[in-house]
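A.B. asks: Got a sequence here, can you model it:
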Amino acid sequence: MAGRLAEKLAPGDGQCVITLRAHCSNCRAQRTFHIQWVKVPGDPPSEVVDLAQWVGLYHLYADKIDKADSPAQSRATARLAAQCLAEALKFYAQEEMPAESAFRKAESIAAFQNNPANFAKTRLRGLEAMLPAVGNEDCGGDEIDRAPAKDSDKDSDKEPATQKAWWKIW
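C.D. replies: You can find the predicted model right below:
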């Protein structure tokens, strides 16, 4: 099945409902799947992407905010930058500085050792405060349809565009 992805906030509950519209490439039958995503308090930090990598992704997105082609693209890019910082901040407990275990790659360890001030919790909070307001960070804000359905798509032989995960930039 190929699909289209739309994301929207469930009414009033602070949870996210992911809607996947898909069609069978053989019979062209269409189905819609609704997946409820709940933000879990105490969500553990990533075991794959380390703190320095999340901060690096933040900087990639933050540099693109002002260069966006439209206000909507700017908001979406700011949302991605904010999500990177949110993931980075999961590596901190009550301390100002992260534990050494937050850095897993040699490049990340070197970046921390060369300039630990870049990884201070208050610095990341300051970067977070400088981001433009983008709406509800729990779900991605206002309704987003990443690949809007078009009437011309229904009879088209083309596969619909798919959306990469928000953190995959390569």
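A.B. asks: just the CA coordinates of the helix or strand hosting Ala72, formatted as CSV?
C.D. replies: Taking DSSP states H and E as the definition, Ala72 sits inside helix 71-89. Provided in CSV are the C-alpha atoms of helix 71-89 (Å, rounded to 0.1, in the frame of the first residue of the first chain):
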residue,chain,number,x,y,z
PRO,A,71,5.4,31.4,6.4
ALA,A,72,4.0,27.9,6.5
GLN,A,73,7.4,26.4,5.6
SER,A,74,9.1,28.7,8.2
ARG,A,75,6.6,27.5,10.9
ALA,A,76,7.2,23.8,9.9
THR,A,77,11.0,24.3,10.1
ALA,A,78,10.7,26.1,13.5
ARG,A,79,8.6,23.2,14.7
LEU,A,80,11.3,20.7,13.6
ALA,A,81,14.0,22.8,15.3
ALA,A,82,11.9,22.8,18.5
GLN,A,83,11.4,19.1,18.3
CYS,A,84,15.2,18.6,18.1
LEU,A,85,15.7,20.7,21.2
ALA,A,86,13.0,18.8,23.0
GLU,A,87,14.8,15.5,22.2
ALA,A,88,18.1,17.0,23.3
LEU,A,89,16.7,18.1,26.6
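A.B. asks: After that helix, which helix or strand is next?
C.D. replies: Heading C-terminal from helix 71-89 (DSSP H and E), you reach helix 106-114.
A.B. asks: Now do that following helix: which elements does it pack against?
C.D. replies: Applying 3 or more Cβ pairs under 8 Å, 6 or more residues apart in numbering; DSSP states H and E, one finds that helix 106-114 makes contact with helix 51-65. Where C-beta positions appear, they are placed from N, C-alpha and C, glycine not excepted.
A.B. asks: in the helix it packs on, what's buried?
C.D. replies: Leu51, Ala52, Gln53, Trp54, Val55, Gly56, Leu57, Tyr58, Tyr61, Ala62, Lys64, Ile65 (16 or more other Cβ atoms under 10 Å).
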